[in-house]
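Colleague: 3D, please:
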Amino acid sequence: MSKKKNLFITFEGIEGSGKSYQSKQLYKNLKKKKLPVLLTREPGGTKAAEKIRDVILNDYFHKNSKEQFDKYTDTLLYLAARNEHVLNKIKPNIFKKIIICDRFVDSTAAYQIYGKNVNKSLVDYIHKYILRDIKPDLTFVLKVEISKALERIKKRGKKNRYDKFPKNFYSKVQNAFLKIASKNKKRYIILDNTKDSKITENIILKRVLKKWTLKAMIIS
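Modeller: Numbers count the residues shown, from 1 in each chain. I've put the predicted structure just below:
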């Protein structure tokens with residue numbers, strides 16, 4: 001992409017980490033400042049991608065059925081949803097708006113590659129064609145005490161199958177997010193979001209405004 005690309009921000013973390021809430025709060029705070037901003041999510045973000053999301057997240061088999069999607073079927077569905085999302089939502093807006101995305105490629109790495117041992121080379125190969133040169137400028141990884149995450153999940157009304165994993169799986173995936181983030185400290189910001197307070201929200205806003213100001217200076 002050219003230097004005129006706007007800011008692309010992603011939020012990552014396990015279920016119950018508060019990433020969806022914090023991404024929405026950031027969106028609201030940037031809107032208040034009259035900045036051009038778009039909030040989206042993965043899987044989903046477009047009509048076609050949301051249909052794929054429904055297949056991925058709902059209990060698509062009878063609860064007593066022994067048949068389940070293979071981990072590669074799951075992964076390919078995520079990547080298909082991402083392709084639709086990138087083509088029809090992210091690319092058309094990448095020059096126009098600050099894009100905030102609730103989950104992106106790091107979730108695939110943490111859940112599918114690290115969590116379920118899907119072959120990394122396959123995911124990287126497909127991403128090469130789906131993403132081209134699209135990549136986040138800033139990624140917030142929200143870590144949380146697993147017991148707190150489970151407490152938040154329990155309070156949810158409607159749950160999908162990703163809200164029903166065992167505690168050790170969430171711990172494994174969270175460690176994967178932290179490992180990914182530790183490799184690129186310029187792009188990733190790790191924040192402890194265990195406590196329900198405004199502190200995390202304020203830190204996120206300040207970091208984004210600082211990044212956006214620097215980006216605007218480069219563009220001008």
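Colleague: where do the strands sit along this protein?
Modeller: 8-12, 37-41, 98-102, 138-143, 188-192 (DSSP state E).
Colleague: buried sites along the helix ranked longest in the chain?
Modeller: In the chain, with assignment by DSSP state H, the single longest helix is helix 199-219. Residues 200-201, 204-205, 207-208, 211-212, 215 are the ones in helix 199-219 that count as buried (16 or more other CB atoms under 10 Å). (C-beta placed from N, C-alpha, C; glycine too.)
Colleague: from Gly18, how far out is the residue nearest in space to the middle of the chain?
Modeller: Centre of the chain computed as the mean C-alpha position; nearest residue by CA atoms, centre = their mean is Arg103, 0.9 Å away. According to CB to CB, to the nearest Å, Arg103 stands 13 Å off from Gly18.
Colleague: quick one: least confident helix or strand in the chain?
Modeller: helix 199-219 (a mean of 85; mean pLDDT, DSSP states H and E).
Colleague: contacts for that one?
Modeller: Contact with helix 199-219 is made by 3-4, 6-7, 9, 18, 22, 25-26, 29-30, 33, 35, 98, 137-138, 140, 142, 189, 191-193, as judged by CB atoms under 8 Å, 6 or more residues apart in numbering.
Colleague: tell me the angle of that helix relative to strand 8-12?
Modeller: Orientation of helix 199-219 against strand 8-12 (axes from the mean of the first three to the mean of the last three CA atoms, to 10 degrees) gives an angle of 150 degrees.
Colleague: dump the C-alpha coordinates for helix 199-219 into CSV.
Modeller: C-alpha atoms of helix 199-219 as CSV (Å, rounded to 0.1, in the frame of the first residue of the first chain):
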residue,chain,number,x,y,z
ILE,A,199,-7.8,2.5,32.8
THR,A,200,-7.4,0.1,29.8
GLU,A,201,-9.8,2.1,27.7
ASN,A,202,-7.9,5.4,28.4
ILE,A,203,-4.5,3.8,27.6
ILE,A,204,-5.8,2.4,24.3
LEU,A,205,-7.2,5.8,23.2
LYS,A,206,-4.0,7.6,24.1
ARG,A,207,-1.9,5.1,22.2
VAL,A,208,-4.1,5.2,19.1
LEU,A,209,-4.2,9.0,19.0
LYS,A,210,-0.4,9.1,19.3
LYS,A,211,-0.1,6.6,16.4
TRP,A,212,-2.7,8.4,14.3
THR,A,213,-0.9,11.8,14.8
LEU,A,214,2.4,10.3,13.7
LYS,A,215,0.6,8.6,10.7
ALA,A,216,-1.0,11.9,9.7
MET,A,217,2.3,13.6,9.8
ILE,A,218,3.8,11.0,7.4
ILE,A,219,0.8,11.3,5.0
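Colleague: now do that helix: distance to the chain's middle.
Modeller: 19 Å (CA atoms, centre = their mean, to the nearest Å).
Colleague: by how many degrees do that helix and strand 188-192 diverge?
Modeller: If you take the same axes, to 10 degrees, helix 199-219 sits at 170 degrees to strand 188-192.
Colleague: the inter-axis angle of helix 199-219 versus strand 138-143?
Modeller: Using the same axes, to 10 degrees: helix 199-219 against strand 138-143 is 170 degrees.
Colleague: Asp102 reaches Tyr21, doesn't it?
Modeller: No - between Asp102 and Tyr21 there is no contact under CB atoms under 8 Å: 9.5 Å.
Colleague: have a look at those two and say which one is more surrounded.
Modeller: Asp102 (22 against 17; other CB atoms under 10 Å).
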